[in-house]
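> Need a 3D model of the following:
(chains A, B, C and D, ligands or ions: 4)
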Number of protein chains: 2
Amino acid sequence: MFSGIRKIISVKSTSRKKPGASPKLSEKKERLKLFLKEKGFKSTKQRDIIASEFLAVGEHVTAEELYNRICKKHSNIGFTTVYRTLKLLAESGLATERVFADNLTRYEPLAAEEHHDHLICLKCGSITEFEDQRMERLQEKIATEFGFSVETHKMELYGRCRKCGGGNI
Amino acid sequence: MFSGIRKIISVKSTSRKKPGASPKLSEKKERLKLFLKEKGFKSTKQRDIIASEFLAVGEHVTAEELYNRICKKHSNIGFTTVYRTLKLLAESGLATERVFADNLTRYEPLAAEEHHDHLICLKCGSITEFEDQRMERLQEKIATEFGFSVETHKMELYGRCRKCGGGNI
DNA sequence: AGGAAATTGAAATTCATTTTCATTTGGAAA
DNA sequence: TTTCCAAATGAAAATGAATTTCAATTTCCT
Ligand SMILES: [Mn+2]
Ligand SMILES: [Mn+2]
Ligand SMILES: [Zn+2]
Ligand SMILES: [Zn+2]
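Ligands and ions are numbered 1, 2, ... in the order given. From the prediction side, this is the model:
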């Protein structure tokens, strides 16, 4: 079903609805430092730069995309370190890992406690985020009917966004 | 989020609720033959054997799993042909491609018109299928609210099945 | 039967991800 | 501050599933 899509879509992120991430930037970087200290890991220039850039971008990025942005200004930072730092950010709870239909691993700045699902346009690749309590409750209800307890879920709607003819087909 | 899971789970399929697939087996193989003829493709021994085995297994399998079953009795059938035949089956509408959290491509015998979603146990890997019209309607509703039209969706609930302590945690 | 076109399967390739390893660096302890 | 060692870095290699290549074989239309 997705075999064709894999090659076609190149998921680009839409700008976020809540640009309120900016004021918390320093707070987030503080969280990372605490996490590193707790774990006996070290704070490094690279990690600081990578985390800053990641939080600045603010949307769903692959390790490669983030690396490409960073290496223009910091030729001394390698892809591997970007890759590893994104994993660290996810571990620390500052980022969330996502894999959409194109099978690439992306990260977005999102605390582990927060949550949302995604609408993904197959034409332009834009990503729209939504959180819907009716959906969350219904998932729980269905799971319960099967004697199942939910730990995580994946809920992605693929189709056409408004700009790409979503309303009228 | 799924980084740990990827290595842990090896998704095994549960036996299906509807074993009514058996009587339609010949009908399905007829459908495949028609599809091949329409497309100008050829009917071959290999395709026949692979399709039969796939329909006989009846659950979510990777190309490799199916190949391993087949090559025991038919050492003359290669992995590549199994892989390509599964793609063909999906194209013909006799199979559906699925990618769960372990990121492996699986196929299940399911006509393109039919539909269901999945509950996947992170402990034992069992897969439970469900179809819920409330869920389908809610997805449409949410999409509409965003001016979005849905073509496909992915809805997977990961957690504990009843046997693995799903009810009480 | 003849022959063009499709199929097969072993091997090679692709490509994102992950690991390896020699070297460098951070930061706690002296 | 200097010492010292575990952690970090990054280039390169490895991994592994998915996909493509290509020479040999098979299908099936005439
Ligand atoms: Mn998101
Ligand atoms: Mn299924
Ligand atoms: Zn769009
Ligand atoms: Zn289970």
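
> check contacts around the nearest residue to residue A:79 once chain neighbours are set aside.
Using Cβ to Cβ, 6 or more residues apart in numbering or on different chains and skipping residues adjacent in sequence, the residue nearest residue A:79 is residue A:67, 4.7 Å away. For glycine as for every other residue, the C-beta is placed from the backbone atoms N, C-alpha and C. Shown in contact with residue A:67 (Cβ atoms under 8 Å, 6 or more residues apart in numbering or on different chains): A:77, A:78, A:79, A:82, A:83.

> could you say which helix or strand contains the residue nearest the centre of chain A?
Nearest to the geometric centre of chain A sits residue A:108, at 2.4 Å (Cα atoms, centre = their mean). Assigned by DSSP states H and E, residue A:108 belongs to strand A:105-109.

> Report all helices and strands that the helix or strand following that strand contacts.
The helix or strand immediately downstream of strand A:105-109 is strand A:117-121, counting by DSSP H and E. Packing partners of strand A:117-121 (3 or more Cβ pairs under 8 Å, 6 or more residues apart in numbering or on different chains; DSSP states H and E): strand A:127-130, strand A:149-160.

> close to ligand 4, is the longest one?
No - legend: contact between strand A:149-160 and ligand 4 by Cβ under 5 Å from the ion is lacking; minimum distance shown is 10.4 Å.

> Neighbouring strands of that strand in the sheet, and parallel or not?
Sheet partners assigned to strand A:149-160 using DSSP bridges are listed as strand A:117-121 (parallel), strand B:149-160 (antiparallel).

> what's the one helix or strand residue A:137 maps to in contact with?
Secondary-structure assignment from DSSP H and E places residue A:137 in helix A:133-145. Helix A:133-145 is contacted by residues A:115, A:117, A:149-150, A:153, A:155, B:119, B:130, B:132, B:134-135, B:138-139, B:142, B:157, B:159, B:166 when judged by Cβ under 8 Å, 6+ apart.

> among these, which ones are buried?
Neighbour-count burial within these applies to A:117, A:149-150, A:153, A:155, B:119, B:130, B:132, B:135, B:138-139, B:142, B:157, B:159, B:166; the criterion is 16 or more other Cβ atoms under 10 Å in any protein chain shown.

> circling back to that earlier point, let me know the average pLDDT across the helix holding residue A:137.
The average pLDDT within helix A:133-145 is 96.

> cool, and stretch A:32-52?
Stretch A:32-52 carries an average pLDDT of 96.

> buried set for that stretch?
By neighbour count on 16+ other Cβ under 10 Å, the buried set for stretch A:32-52 is A:32, A:33, A:35, A:36, A:46, A:47, A:49, A:50, A:51.
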